[in-house]
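Student: Compute the structure for the input listed below.
(one chain, ligands or ions: 1)
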Amino acid sequence: METDYDLCRSGIAELGLGFTENQHGQLEKYLSELTLWNPVYRLVNAEGRDIVIRHLLDSLAAVPILRSLLDESPAGSREVCDVGSGPGLPGIPLAIAMPDVRFTLIERMGRRADFLANALAACSLDGRVNVVQRDINEIRGKFPVVTFRAFHPLPDIIEPVSRLLDDGGTICAYKSREENVALELERITEMTKTGKSGSESGWKSKLISIHIPYLDAIRTLCLLSRA
Ligand SMILES: C[S@@+](CC[C@H](N)C(=O)[O-])C[C@H]1O[C@@H](n2cnc3c(N)ncnc32)[C@H](O)[C@@H]1O
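Tutor: Got it, this is the predicted structure:
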């Protein structure tokens with residue numbers, strides 16, 4: 001009988017990510033931690049294969065794009081900050097997929113931050129992935145790439161997120177439909193005129209449609225860098 005992790009393996013192969021057995025072991029462990037603690041902490045609104053498709057594969061589909069952003073980053077450091085990480089999405093699957101990259105996961109809720117610390121230890125990622133239990137507004141630090149998924153609308157968080165971004169860095173927002181993102185981007189353009197978008201020169205945006213294995217829905221990555 002096919003297990004949920006077998007489905008995950010096929011999805012990873014379809015994404016062309018070339019995981020080692022060690023990486024598969026880490027992701028399978030993360031899946032089992034999510035599945036075990038989900039009923040207690042309400043970490044994700046999904047069960048079984050839906051966790052694999054809507055959360056793990058959804059997080060992983062951006063890996064080729066994130067790799068090239070890090071390769072091209074003028075800052076040279078291979079670091080990603082995932083804000084509003086919740087149970088570690090997309091941060092933990094990304095950290096497993098990119099073993100040469102350091103991650104910081106920002107999550108203000110204590111229970112979720114505790115889950116993150118335990119899950120990272122269980123997946124042997126605690127040396128390379130740091131959890132910060134704080135509100136994004138209290139964080140200091142600069143990163144070449146900042147990710148978030150199912151966080152606040154872009155206009156509400158562009159300013160605090162911009163403070164975490166290196167010069168020349170890129171924000172990578174996991175979004176659903178392109179039309180909705182376009183409306184958020186229009187508001188950011190308006191905010192730039194009043195100096196409230198976190199970039200005096202405004203933002204360059206790039207929308208990339210991504211396919212998630214086994215998912216019949218549209219996903220869009222929104223990349224933002226200072227103009
Ligand atoms: C809807 S959840 C999404 C979690 C995860 N990124 C995902 O895709 O499943 C949003 C998370 O962001 C956290 N959060 C919201 N506002 C925050 C803030 N200002 N600073 C830090 N974390 C925040 C919440 O506690 C919550 O865990």
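Student: Toward the C-terminus from the longest strand along the chain, list the very next helix or strand.
Tutor: Counting by DSSP state E, the longest strand found in the chain is strand 165-175. Using DSSP states H and E, the helix or strand that follows strand 165-175 in sequence is helix 178-193.
Student: E200 is in contact with S162, correct?
Tutor: No - taking CB atoms under 8 Å as the definition, S162 is not a contact partner of E200, at 10.6 Å. (Each C-beta comes from the backbone N, C-alpha and C, glycine too.)
Student: List the strands paired with the longest strand of the chain, with their directions.
Tutor: strand 143-149 (parallel), strand 219-226 (antiparallel) (DSSP bridges).
Student: Mean pLDDT added to the ones you listed, as JSON lines?
Tutor: Converted to JSON lines, those look like this (pLDDT from 0 to 100):
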{"stretch": "strand 143-149", "mean pLDDT": "98"}
{"stretch": "strand 219-226", "mean pLDDT": "97"}
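Student: nearest to the ligand, of these?
Tutor: With CB to the nearest ligand atom as the criterion, the ligand lies closest to strand 143-149 of these, at 3.7 Å.
Student: mean confidence score for the next helix or strand after the closest one?
Tutor: Sequence-wise, the next helix or strand downstream of strand 143-149 (DSSP H and E) is helix 154-162. Averaged over helix 154-162, pLDDT sits at 97.
Student: tilt between helix 154-162 and helix 178-193?
Tutor: Between helix 154-162 and helix 178-193, the angle comes out at 60 degrees (axes from the mean of the first three to the mean of the last three CA atoms, to 10 degrees).
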